[in-house]
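Engineer: Sequence plus the predicted model coming up.
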Amino acid sequence: ALAARPGSSVLIIFVHRTTKAATHRSLVGGHIQALLVGSVYSLILFSAPVSAFLEAIPPMRDMIIATSVGILIVIMAIRDTEHSPAAGTVLSMSTRVWDPTVFAIVVGFVVLLAVIKRMLRRYLRDLI
C-alpha cells in the first residue's frame with residue numbers, strides 16, 4: 001500500500017504537470033493534511049477502549065474510517081490543496097496502528113517528489 005501513494009502522485013506531477021493537483025502546494029499540503037487526519041483517526045480508533053468497542057461492530061469501524069476521507073476532502077477544499085492520492089494516505093494511516101516509520105516514509109517521499117519536480121520543472125511537459 002505504501003507504493004500506491006507515491007505512484008499516483010508521480011503520475012499527476014509528471015504526466016499532468018500543469019494541473020492544480022500537481023502544484024507543490026497540493027502535493028505537499030494534501031499528503032501532510034492526510035497524514036495528520038489519518039494519524040488522529042489511528043490514535044483514536046486503535047486506543048484500547050475504542051478498539052475493543054469497534055471490534056464487535058466491524059461495519060461501524062469501516063464507516064468511521066470512511067469519514068476520514070470525507071473530512072480530508074473538506075479540509076483540502078477549504079485550504080485549496082486538492083491532491084487525490086492523499087485519500088490513499090489518509091486511509092493507510094487510519095486503518096493501522098500509528099507508526100512513526102510510516103509517517104516518516106510518507107513525509108520523505110512527498111518532500112523528495114517536490115524537490116525532484118522543482119529541479120526538473122523546465123524539462124517537464126504535459127504528456128496528455
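Structural biologist: That came in fine, so what should we check first?
Engineer: For the residue of the chain most remote from its centre, give its distance to residue 101.
Structural biologist: The C-alpha centroid of the chain is most remote from residue 56, which lies 28.0 Å away (Cα atoms, centre = their mean). As judged by Cβ to Cβ, to the nearest Å, residue 56 and residue 101 stand 30 Å apart. Every C-beta, even on glycine, is put in place using the N, C-alpha and C of the backbone.
Engineer: so how far is residue 90 from residue 30?
Structural biologist: 9 Å.
Engineer: Neighbour count: the two, which is higher?
Structural biologist: Taking neighbours as other Cβ atoms under 10 Å, residue 30 and residue 90 compare with residue 90 leading, 30 against 27.
Engineer: need the next SSE after the host helix or strand of that one, C-terminal direction.
Structural biologist: Using DSSP states H and E, the element containing residue 90 is helix 86-94. Per DSSP H and E, the first helix or strand lying C-terminal to helix 86-94 is helix 100-120.
Engineer: average model confidence for that next one?
Structural biologist: When pLDDT is averaged over helix 100-120, the result is 92.
Engineer: in the chain, which segments are predicted with low confidence?
Structural biologist: Scanning the chain for pLDDT under 70 picks out 1-4, 128.
Engineer: Please, where are all the strands along it?
Structural biologist: With DSSP state E as the definition, the chain shows no strands.
Engineer: That one: helices as residue ranges?
Structural biologist: 4-15, 24-45, 48-55, 58-79, 86-94, 100-120 (DSSP state H).
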